[in-house]
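>>> Below are the sequence and a predicted model; questions follow.
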Amino acid sequence: MAGSRHDGVALVWDERVRGYDFGAGHPLAPVRVELALELIRRSGLLRGPHREAVPEPFDPDDLARVHHPAYLEAVRALSRQPTATVPPGSGLGYGDTPAFLGMHEAALAVAASTVEAARRVLDGRAVHAMNLAGGLHHAMPDRAAGFCVYNDLALAIDWLLRQGVERVAYIDIDVHHGDGVEVAFRDDPRVLTISLHESGRFLFPGTGDVDDIGGPGALGSAMNVPLLPGTTGDVWLGAFDAVVEPVVRAFAPDVLVTQLGCDSHASDPLAHLMLTLDDMAAIHARLHALAHEAAGGRWVATGGGGYRLVDVVPRAWTIAFAELSGGRLPPETPLDWQDLVRERTRSEPPVDFVDDPVEVADGIRRDALGAAEEAVERLRRTVLARHGAS
Ligand SMILES: [Zn+2]
Ligand SMILES: [Zn+2]
């Protein structure tokens, strides 16, 4: 969709998010966000009305809108002293989401940035806004999970509702189920949460079954599209077109919030879907069209998962920001960005925005297509029917 439809897009950035760092060797290395930010900056996409925005502070007391007091207390204590005893069940011990010094402040800055993106979109200073460091969709009310401490997405959606927004649609394209956001709103009919992900039978967090459609008081407020390992972009997009588009149109949200994790890429080391950068560009374009057609253009986007730190994450989110802003990608990645990559990672940077086509065996493709079609049929009879969208 052309940028002429509207003007300013905000890229929210707070230096403190660099501190969201679980330490050497952890897959969620902050350099991934730094390299994405710098690729957007140096590709000339922050021109004219498109600019960076620094978030207003987020009141830490408002964390309790989503998270339980005992969990918040545990995060604060471990943030001051990461070697202190970890309360059982807080999810903050050794493992995926280990405590680190300054964890509370860094996670709060991530949340403040996603709330700022929502604020800018709601008050009209920006038509779309993006927080690259956001998308911590696994954080639960009472515990950390899957590299996520505070659920910036749930906090931003809650903030929107507190401003009087009546309906929010949330679409999560990360390869993992967007469980934390779904749990936060599974009993709230004002929030429609949608997640397309690799099936929980094969991947963390193990949830997101097709029949998981929301709490008893809000059936149809959650929609899950589990996909088989080996699913390619055409199958992914076919499922999106069949169920996501119609349900979001019928729901007619005031704001669209999207988590743009890029760990569905074929080369991602943590998961097994087979998408390319071109597929992701097609998804971003679908989301953009949907934001204008169903949500008055109001679109809040975040980053998310993605563990090919050099080859995929910076390019996927620069492609996303080009879509938000209607900007044109340069034919090649800027030379000063390539130098930065070598300096920061000692690896060779990608030189353009094109990647290799993927090869999938016929049997795997057939099974993946069959499973996606089965999920679509099921969702037509359950979620779409409830929204009058079948
Ligand atoms: Zn993920
Ligand atoms: Zn637009």
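Yep, it's here. Ligands and ions are numbered 1, 2, ... in the order given.

>>> ok and the residue in the protein nearest ligand 1?
Taking CB to the ion, ligand 1 has its nearest neighbour within the chain at Gly305, 2.5 Å off. C-beta: built from backbone N, CA, C; applies to glycine.

>>> residue boundaries of the strands in the stretch 251-390 of the chain?
255-259, 299-302 (DSSP state E, counting those that start in this stretch).

>>> and the residue nearest to Leu196 when sequence neighbours are not counted, helix, strand or coil?
Closest residue in space to Leu196, ignoring its immediate chain neighbours: Val225 at 4.3 Å, by CB to CB, 6 or more residues apart in numbering. Of the three states, Val225 takes strand under DSSP: H, G, I helix; E, B strand; the rest coil.

>>> Okay, Val225 and Val175: tell me how far apart.
To Val175, Val225 is 12 Å away according to CB to CB, to the nearest Å.

>>> Contact partners for the nearest residue to Ser199 once chain neighbours are set aside?
Residue nearest to Ser199 in three dimensions, not counting chain neighbours: Pro226, with 3.9 Å by CB to CB, 6+ apart. Contact analysis of Pro226 by CB atoms under 8 Å, 6 or more residues apart in numbering lists 177, 197-201, 208-210, 371, 375.

>>> bridging residues for Pro226?
Counting by DSSP bridges, Pro226 is bridged to His197.

>>> ok, back up a step: so what's the residue nearest to Leu196 up against?
194-197, 210, 239-240, 243-244, 372, 375-376, 379 are the contacts of Val225 under CB under 8 Å, 6+ apart.

>>> Filter these down to the buried ones.
With neighbours counted by 16 or more other CB atoms under 10 Å, the contacts of Val225 contain buried members at 194-197, 210, 239-240, 243-244, 372, 375-376, 379.

>>> okay if I get the contacts of Val225 as JSON lines plus pLDDT and distance to Ala118?
Shown next, in JSON lines, are those (pLDDT from 0 to 100; distance: CB to CB, whole Å):
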{"residue": "Ile194", "pLDDT": "99", "distance to Ala118": "18"}
{"residue": "Ser195", "pLDDT": "99", "distance to Ala118": "19"}
{"residue": "Leu196", "pLDDT": "99", "distance to Ala118": "22"}
{"residue": "His197", "pLDDT": "98", "distance to Ala118": "23"}
{"residue": "Val210", "pLDDT": "98", "distance to Ala118": "29"}
{"residue": "Ala239", "pLDDT": "98", "distance to Ala118": "27"}
{"residue": "Phe240", "pLDDT": "98", "distance to Ala118": "23"}
{"residue": "Val243", "pLDDT": "98", "distance to Ala118": "25"}
{"residue": "Val244", "pLDDT": "98", "distance to Ala118": "21"}
{"residue": "Ala372", "pLDDT": "98", "distance to Ala118": "31"}
{"residue": "Ala375", "pLDDT": "98", "distance to Ala118": "30"}
{"residue": "Val376", "pLDDT": "98", "distance to Ala118": "30"}
{"residue": "Leu379", "pLDDT": "98", "distance to Ala118": "27"}
